[in-house]
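Engineer: here is a sequence with its predicted model. Questions after.
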Amino acid sequence: MRTRSSLKNTLTLRNILQNPSFPSFLILIVIVILNASLQFNFFTYRAIKSNLLTFSPLILASIAQGLVILGGCVDLSVGASISLLTVLMASMMGDSPGSIFFTVLCAIGLSLLISFINGFIISYFGPPPLLTTYATSVLWFGIALYFMPTPGGYIPSSFGKIYRTDLLPQFPAAFLFLIGAFAFLFIISRLRFYKHLYAVGGNEDAAYANGVNVFWTKIKVFLLSGIFVALAAICVVAQTATGDARSGLGYTLNSVAAAIIGGLSFSGGKGSIAGPIMGALILGLLINVLYFANITSFYQEFMKGIIIIFSLAVAAIPKYIRARSAA
Amino acid sequence: MKRWFLRILLVTLMLVLALSFTAFAKKGGPPYTVGLSNGPFTHSWRVQMIESLHQEFEFYKKQGLVDRLIIQNAGPDVGTQIAQIRNLIASGVDLLLINPNSSTALNPVIEEAQEAGILVVVYDMPIDNPKVLDIYMNQDWWMTPLAEWFCKQLNYKGNIVYISGIADQPGNIQRDQAAEKVLAKYPNIKLLAKANGNWDQAAAQQVMSDLLASFPKIDGVLTQDGMTLGIIRAFEAAGRKVPVVTGETQVAFIKKWKEMKDKQGFSTFGIVNPPGYVNIALGVGLRLLQGKKLKPEVLVNGHVIYTRPNLIVDNKNIDQIYKQYKDWADSYYVNSWYSQKELDELFQ
């Protein structure tokens, strides 16, 4: 478990270099500079808005994934849950503000139920999270396909418009949505639960021995991630105005990639939740950089792989230094 | 430490938000910039589609009508396609061609493009939006001549099987309906079984082998697009005589067709499903940008233009087609698209 340290200690060069999120921070800066130099209007309101609208679902899905990974698990059902939620929303939503509000509440409720099932199975029966969530992902995808075999349903166009039109001058609702999500995350990160999360992720037995309720911590982290999955699904629906059993599938592996690029480790308990956020931004900006550099979109997956390997390699450097200085 | 990063991230975000400027102006008049947003790029049909587009683009470029072509392949993911369309909007394209990954999910981002003053033309797939021009093959016009040829070859009688494409694919459903309509006209033709070969040679060969084991007498095999070669191989592997079978126009089969025609007088009939039809979308889009008006009778439901196949391969022209394509890779398709004259005929 991390202990509170003074600002002076925190800001030493060695600490910064050893922070698991440092490589992703570096990559993010490089990629922002690259993008800005290639896209002449990168810092205009229009471009920023368009970028944030595009990135928000992945940012939110990556937070959901990041929380679970911090707790020492992984959630391969993120994408299928998003799909199922878009299907739910597209089959319920009507034109009235009341029905929109009610539908969004139902979506959050369903997401909580889904994540509770994931969390409960993993916590109570103790199977590997990878297998459990893979199995449940097939289940959620199947349910979504059953209710909506072909994309469809109805989302009022006002719903998408609210998301992208400006509330105040140059301030669309999507920003408020993201800022709200960050604020919520910030509050969570101050709670004792968050320390328990690191403890459980780092070493379950030690956490248990120190009086942490491992069972509930795991369920709670899944529930928390469920909220962010629901938020991601709301963004997807606002952007696509449709229910589609396949619309979420891409988010599973991309959110895992974002978390890894962001310096989280599969063994859990390491890194910070800012990592997946930066990872999601990097993945999103990567598409732009390739686009504006006139590199064919063919190389997108390839570049994604290179960046993941690079961040894994950089993350290994501190370990290497420590091993050298110990010898 | 994590807070330190969170703080930096928030500050960066705020800075980025604060640095906001006005929108950029769009130019009018030629030369136009054209963007293409494509889905998967893993199939040779799509590769050939892009090659055809480049070829036709050079033609318009020489006329000074266009300057730049930006092509984006999103893979099967809708989210990536939305991101790429937003980038194309940001580059200020005048004409945006889309081969959509979803018939509904792109509607909001298409609206964004239209709000930015971009002409959007969707092609190859149906899209669920009456405000977007949509150009695709009428599968009824494609399948009916094929089925009619087949029934005529059988003298309107006999036992047949139908190897269809991918079961739930919208285009395939329309083809199935067209085939059923034709078969219903001839009661002496008996459909023994229908199976799905997924538009894949190997899969078609597999299902055909299974059917051959179950039915001792098959007079004809009705099939469509990319599967005939597999079906013929199944017959050859079973040591049975190849019956009446409908053809296709993938280069691998064109080669086999020519060989079988020369050796044993084999005859069949194939309708192209041309990758080059992307150029119909390009041609129509550019004409609309120049202010030309479509003939009202061309538009179905106010926003759809049905294309018709414009090249048929049969034993009359197989020698010439073979000569033209014999050096091409097996996975390519016989290609064609509307001429400038055919495109002009769509307009007033």
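Structural biologist: Alright, I've got the coordinates.
Engineer: and the host helix or strand of residue A:101, is it in reach of chain B?
Structural biologist: When secondary structure is defined using DSSP states H and E, the element that contains residue A:101 is helix A:97-120. No - applying Cβ under 8 Å from any Cβ of the partner chain, one finds helix A:97-120 out of contact with chain B, separated by at least 15.4 Å. For the C-beta atoms, the positions are set from N, CA and C on the backbone; glycine is no exception.
Engineer: just checking, next helix/strand downstream of that helix?
Structural biologist: helix A:129-147.
Engineer: report the closest residue of the stretch 1-150 of chain A relative to chain B.
Structural biologist: Using Cβ to the nearest Cβ, the point where the stretch 1-150 of chain A gets nearest to chain B is residue A:45, with a distance of 3.3 Å.
Engineer: so how many other residues sit close to that residue?
Structural biologist: When neighbours are counted by other Cβ atoms under 10 Å in any protein chain shown, residue A:45 registers 21.
Engineer: phi first, then psi, for the residue nearest to the spatial centre of chain B.
Structural biologist: Among the residues of chain B, the one closest to the centroid is residue B:124, at 4.9 Å (Cα atoms, centre = their mean). Backbone geometry at residue B:124, expressed as degrees, to the nearest 10, gives phi 80, psi -30.
Engineer: tell me the contacts of the nearest residue to it once chain neighbours are set aside?
Structural biologist: In space, not counting the residues next to it along the chain, residue B:124 is nearest to residue B:99; the distance is 4.8 Å by Cβ to Cβ, 6 or more residues apart in numbering or on different chains. With Cβ atoms under 8 Å, 6 or more residues apart in numbering or on different chains as the criterion, the residues that contact residue B:99 are B:36, B:37, B:38, B:39, B:46, B:49, B:122, B:123, B:124, B:125, B:278.
Engineer: what is the neighbour count of the last one?
Structural biologist: As a burial measure, residue B:278 scores 26 neighbours (other Cβ under 10 Å).
Engineer: touching, residue B:97 and residue B:123? I think so.
Structural biologist: Yes - the pair residue B:97 and residue B:123 passes the contact test of Cβ atoms under 8 Å, sitting 6.3 Å apart.
Engineer: picking up where we left off before, would you turn the contacts of residue B:99 into a markdown table with pLDDT and secondary structure?
Structural biologist: Converted to a markdown table, these look like this (pLDDT from 0 to 100; DSSP: H, G, I helix; E, B strand; the rest coil):
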| residue | pLDDT | secondary structure |
| --- | --- | --- |
| B:36 | 96 | strand |
| B:37 | 95 | strand |
| B:38 | 92 | strand |
| B:39 | 88 | coil |
| B:46 | 89 | helix |
| B:49 | 94 | helix |
| B:122 | 96 | strand |
| B:123 | 95 | strand |
| B:124 | 92 | coil |
| B:125 | 88 | coil |
| B:278 | 96 | helix |
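Engineer: which of those sit farthest apart?
Structural biologist: Spatially, the most separated pair among these is B:46 and B:122, at 15.5 Å (Cβ to Cβ).
Engineer: comparing these two, which residue is more hemmed in?
Structural biologist: For residue B:46 and residue B:122, the more surrounded residue by other Cβ under 10 Å is residue B:122, and the numbers stand at 25 against 18.
Engineer: would you agree the more buried one is in contact with residue B:133?
Structural biologist: Yes - using Cβ under 8 Å, residue B:122 is in contact with residue B:133, at 7.0 Å.
Engineer: please enumerate the strands of chain A.
Structural biologist: With DSSP state E as the definition, chain A shows strands at residue ranges A:166-168, A:171-172.
Engineer: how far out from the middle of the chain is the shortest one?
Structural biologist: Its chain's C-alpha centre lies 22 Å from the corresponding centre of strand A:171-172 when counted by Cα atoms, centre = their mean, to the nearest Å.
Engineer: try stretch B:255-264
Structural biologist: On Cα atoms, centre = their mean, the centre of stretch B:255-264 falls 27 Å from that of its chain.
Engineer: what's the answer for stretch B:256-271, then?
Structural biologist: On the basis of Cα atoms, centre = their mean, stretch B:256-271 is displaced by 25 Å from the centre of the chain it belongs to.
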